[in-house]
Each structure stands twice: as C-alpha cells, then as structure tokens.
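Visitor: Predicted model, plus sequence, below.
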Amino acid sequence: MSDQPDLRRGESRSAENSSSVVVDLKEYKQSKDPPPVTFHRRELDAILWIYGRMVGEGEWRDYAIDHLKDCAIFSVFKRSGEMPLFRIEKNPKLATKQGAYSVFNTHGVILKRGHELQQVLKVFNKALKLVEK
C-alpha cells in the first residue's frame, strides 16, 4: 500500500504532507509590489487651498501630482513647460526623523520641513509689507 491517502474514499491529506499552500492574492501583490505613497484627502485639501490662492494672485498656473513608491510629490509650475517652481513632498520614511513633509524650490533647496503639513505650508504665507505714500 502507498503512504498517500485515497482521496476517492474521503481520506484527506494533512497540511504537513500537502505541497500546495493557499495564499491571499491581495497580500501577495502588496508584498511584491507595495502601493505607492499618496496624499490623503485632508492633505490635498490643504495643498489645493494654497494652490487656489496662488493661482488667484497670478503666481502659479499649473500643477502635477506624482505618487511614487517612496514618496508623493505635488509640483507647482508657472508655465507647464518649465521646471516646477516648488515641490511639496511627502516621504513617510522621514516621519520619525526630520518630518515627512518638505517644500523644495526650483534648485532643490529645502525651504521648510516638518512633521505637520499645515506648518510646512506656512512657507507660502506672504509677510505683510508696509507701503508708504
């Protein structure tokens, strides 16, 4: 007689002897190809509020959003064919260090970095100027 159970008679294989394993397809895909980093709804609301204000002032005209494996980037343009004026980045790997949120200028210089997006976006608040007549 063989060591294999007779499946026709209702005998079952034990999990130890089975060579097949059931794997959740969603978990497998996430482990092989993790989802990209994205901006959440409240983060986009805050960024788009600033964007709308700056468009109204004639400073900005176009934007692009990139969702990459390690970070999410909101790029702001004066003209769509140029380099971005500013990049607002979310990098979760830096959340416990300098902060997940950063604002870069055209040259790649970090203008502000922090743990809270609202604080980082304050870099776009203009200071009031005294006008003398």
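Guide: That came through fine.
Visitor: which secondary element of this structure has the worst mean pLDDT?
Guide: helix 25-32 (a mean of 72; mean pLDDT, DSSP states H and E).
Visitor: Low-confidence ranges, this structure, go.
Guide: Along the chain, segments meeting pLDDT under 70 span 1-19, 29-30, 80, 127-133.
Visitor: that older thread, downstream of the least confident helix or strand of the chain, the next helix or strand is which one?
Guide: helix 41-56 (DSSP states H and E).
Visitor: And that next one, what's buried?
Guide: Within helix 41-56, the residues that count as buried by 16 or more other C-beta atoms under 10 Å are Glu43, Leu44, Ala46, Ile47, Ile50, Tyr51, Met54. Yep, even glycine has a C-beta here, placed from its N, CA and C like the rest.
Visitor: and if you look at stretch 115-131?
Guide: So for stretch 115-131, counting by 16+ other C-beta under 10 Å, buried means Leu117, Val120, Leu121, Val123, Phe124.
Visitor: where's Ser102, which helix or strand?
Guide: Per DSSP H and E: strand 101-105 holds Ser102.
Visitor: Who are the packing partners of the helix or strand following that strand?
Guide: The helix or strand immediately downstream of strand 101-105 is strand 110-114, counting by DSSP H and E. Judged by 3 or more C-beta pairs under 8 Å, 6 or more residues apart in numbering; DSSP states H and E, strand 110-114 is in contact with strand 101-105, helix 117-120.
Visitor: go with 6 Å
Guide: Contact analysis of strand 110-114 by 3 or more C-beta pairs under 6 Å, 6 or more residues apart in numbering; DSSP states H and E lists strand 101-105 as its packing neighbours.
Visitor: Can I get the strand it packs on in PDB, CA atoms only?
Guide: The C-alpha atoms that make up strand 101-105 are tabulated as PDB, following Å, rounded to 0.1, in the frame of the first residue of the first chain:
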ATOM      1  CA  TYR A 101       6.700  66.900   4.700                       C
ATOM      2  CA  SER A 102       9.100  69.100   2.800                       C
ATOM      3  CA  VAL A 103       8.900  72.100   0.400                       C
ATOM      4  CA  PHE A 104      11.600  72.400  -2.200                       C
ATOM      5  CA  ASN A 105      12.300  75.300  -4.600                       C
END
